[in-house]
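Chemist: Need a 3D model of the following:
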Amino acid sequence: MKRLLLVLWVGLCFMGAAAAQTPNPGGEEGPRQLWQLLDYVAVDYSGAVDKGAVVSESEYAEMRDFTANAVTQAQALPAHASKDAVIAAAHKLQEAVTAKADGAEVARLAHQAEALLIAAYPIPVAPKVLPDLKKGAALFQAQCASCHGATGGGDGPLAANLEPPPIAFTDRERARSRSVMALYQVVSQGVTGTSMPSFAALPEEDRWALAFFAGTLSHDDRMRTQGEQLWKNDAAARKAFPDLAAVTTVTEAAASSSVGPDAARDLTAYLRSHLEVASAAGNTGGLALSRRRLDESLAAIRQGDKPGATRLALSAYLDGFEPLEPSLGARNKTLLTEVEDGMLAYRSAIATGTLAQAETAAQKLDYLFAEVEKELGGEAAAPLTTFLGSLTILLREGLEALLIVVGMIAFLKKADRHDILRYVHGGWVAALAAGGLTWAVATYFVNISGASREVTEGLSSLFAALVLLSVGLWMHQKSAAGRWQAYLKEKLSSAMSKRSAWALFGLSFIAVYREVFETVLFYSALSADGNGNALLGGLGLGILLLAVLAWVMLKTSARMPIGKFFSISSVLVAVLAVVLAGKGVAGLQEAGWLGATPLMAPRVDLLGIYPSAETIVVQSIVLLIAVAGFGMNAFRARQPRAS
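Modeler: Predicted structure coming up:
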């Protein structure tokens, strides 16, 4: 049994890691290269054609080649409900270039195709951490000023000897059509056929800082001041730049269609210089993606494409809403629960319901998204709210892990196996260290995707449930036999091998890490409110309360008769197995690994009870196995022993 559990654990961990690392269908390179082609055409076409006449044969030939390649790459994109729209947009752009259309029209068509592409095939288009513009300025003087000039005018000491001449970042006309992401791509990859080298050796955050600084050189303080006033007083202006990704990808020319040329210029000037403003605005930006995916999902189901509708519904949750869960959970747990249940209900309506039911479920979700916007778009949480959220999260997430770890410690102390205790302690200490590493990785290197999070929680919960069920049945069997003292003295010392000790290490690690993983995400969200002292106060009090609870449990178990201790512990362990089974299935449902059939039943997160037939069935099976095992143990204990 122990060997089987070890193999299962390794298998589950491998599956979880594979799920966490699975790239988007088709990868990012195809969509990214297509985006680069489109953006290059948007910016440089005006240098090839002016008022319907070709002014540079070589550049015009390049534009025709790029648009032909854009069509080819669009046709090679992975299947998606919006793929045909992307292909059609690329064809329109190619036709406009062939017809020598006006530069503004070509730029509009190129940016329109870019927007469709990014909506259908999300690729990283914004920095993971806010760029440091002061560092960007220093890098520009050290790396770029010799060619582009100290102020970016294209008049550096080496400029006269370069062909083609270096770009003048102060050129307002070209700057209108250039996005920060395009600058980042040039900094990262260089420009073939020119003296512009690749700066790929620089850290990613330095390249973003350099790109953002270069993107500010065509603006002045007057524009930035006017942009600040627009941002504060004009809702339409804020809608044009909903998050940092928009500031990175949207050009002045594209924004001018919705807010006007002057407003687009001033807003761009302000936001590129005050990235923290755009980042704060993006707290609810994921809802825009959720709504877009929801609309696409409804369009797919109306066309009879259920698999496509289901995939888009999952994207609405995992890519759009799920990253907001920690922030929302810290502020309004009830609303978070309603959205999660609504998402499951919508996916269930796609799978087994009618179109009318799916539309009704989608309408409810749209209403809930509006409520989420109100919750997250308001003022930052008060210090007391942050304190209570910090305390509640730690107690809620830490209680299950505490029960499992303290139970193992008490068991080993009763068995007088203090030599094995270090494995249990090593497991939870390693889990805390892994939690710290998770926080560092999630903060500075990569974003933990929604699917990765749900799969990790789901698989680890099911593994822990399986182990606890087997341990509970074993403990109850020995308790029912009524011969603990003899068993411990005669059997346990030889039975507790190194392999068993490492199994306890694994259980201790899994039990604690799954809770630390969740806690890290919640605390990252709480820290955004800026109430650092309140956050640390809640954390400190929570740790103190958990420590006191652990001490009480250990003292109580030490005074308890050994038979009674194992009898009570076996029941508690079995109950935890039922709870974790429910949580594991729910996590895999949210990740899209399992289907969901909603039920009119209460939701009790603490007990792992969720309103879906699948979670109830799995929990019922685990409960029946536990009850049947306990009954069989009791029956065998009543049988006369052979003399």
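Chemist: Every contact and neighbour count from this point should use C-alpha atoms.
Modeler: Noted.
Chemist: in this structure, which spans are strands?
Modeler: According to DSSP state E, the chain carries its strands in the segments 49-50, 53-54.
Chemist: Strand partners (parallel or antiparallel) of the last one?
Modeler: Each strand that pairs with strand 53-54, with its direction, by DSSP bridges: strand 49-50 (antiparallel).
Chemist: where does residue 301 land on pLDDT?
Modeler: Here the pLDDT value assigned to residue 301 is 88.
Chemist: ugh, typo on my part, it should be residue 632
Modeler: At residue 632, the pLDDT recorded in the model is 85.
Chemist: ok, now how distant is it from residue 573?
Modeler: The spacing between residue 632 and residue 573, counted by Cα to Cα, to the nearest Å, is 17 Å.
Chemist: List the contacts of residue 67.
Modeler: Each residue near residue 67 by Cα atoms under 8 Å, 6 or more residues apart in numbering is listed here: 37-38, 41, 90, 93-94, 97.
Chemist: cool, and residue 287?
Modeler: Residue 287 touches 320-321, 369, 373, counting by Cα under 8 Å, 6+ apart.
Chemist: Residue 607 too?
Modeler: If you count contacts by Cα under 8 Å, 6+ apart, residue 607 has them with residue 579.
Chemist: try residue 158
Modeler: Taking Cα under 8 Å, 6+ apart, we find residue 158 in contact with 146-147.
Chemist: Tell me how far it lies from residue 191.
Modeler: The spacing between residue 158 and residue 191, counted by Cα to Cα, is 17 Å.
Chemist: and what of residue 176?
Modeler: Residue 176 sits 20 Å away from residue 191, going by Cα to Cα.
Chemist: My read is that residue 275 contacts residue 243, right?
Modeler: No: the pair residue 275 / residue 243 is not scored as a contact, 9.5 Å apart, by Cα atoms under 8 Å.
Chemist: would you list the strands of the chain in TSV and tack on mean neighbour count, mean pLDDT and distance to residue 550?
Modeler: TSV is the format used below for the strands of the chain (neighbours: other Cα atoms under 10 Å; pLDDT from 0 to 100; distance: least, Cα to Cα, whole Å):
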stretch	mean neighbour count	mean pLDDT	distance to residue 550
strand 49-50	18	88	75
strand 53-54	14	90	79
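Chemist: Pipe those strands into a markdown table and attach distance to residue 386 per row.
Modeler: Shown next, in a markdown table, are these (distance: least, Cα to Cα, whole Å):
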| stretch | distance to residue 386 |
| --- | --- |
| strand 49-50 | 58 |
| strand 53-54 | 62 |
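Chemist: quick one, helices of the stretch 451-600 of the chain?
Modeler: According to DSSP state H, counting those that start in this stretch, the stretch 451-600 of the chain carries its helices in the segments 484-487, 493-495, 498-527, 532-559, 562-590.
Chemist: In a markdown table, list those helices along with mean neighbour count.
Modeler: Formatted as a markdown table, the entries for the helices of the stretch 451-600 of the chain read as follows, by neighbours: other Cα atoms under 10 Å:
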| stretch | mean neighbour count |
| --- | --- |
| helix 484-487 | 14 |
| helix 493-495 | 11 |
| helix 498-527 | 21 |
| helix 532-559 | 16 |
| helix 562-590 | 24 |
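Chemist: Looking at those helices, which is nearest to residue 266?
Modeler: Distances from residue 266 to each of these were compared using Cα to Cα; the shortest belongs to helix 498-527, at 30.9 Å.
Chemist: follow-up on the earlier one: so which of the strands of the chain comes closest to residue 429?
Modeler: Go through the strands of the chain one by one with Cα to Cα and the one that ends up closest to residue 429 is strand 49-50, at 65.4 Å.
Chemist: rewinding a little: nearest to residue 201, of the strands of the chain?
Modeler: When the strands of the chain are ranked by proximity to residue 201, the top entry is strand 49-50, at 35.5 Å, counting by Cα to Cα.
Chemist: hmm, back to that, of all the strands of the chain, which one is nearest residue 129?
Modeler: Among the strands of the chain, strand 49-50 sits nearest to residue 129 (Cα to Cα), with 38.7 Å.
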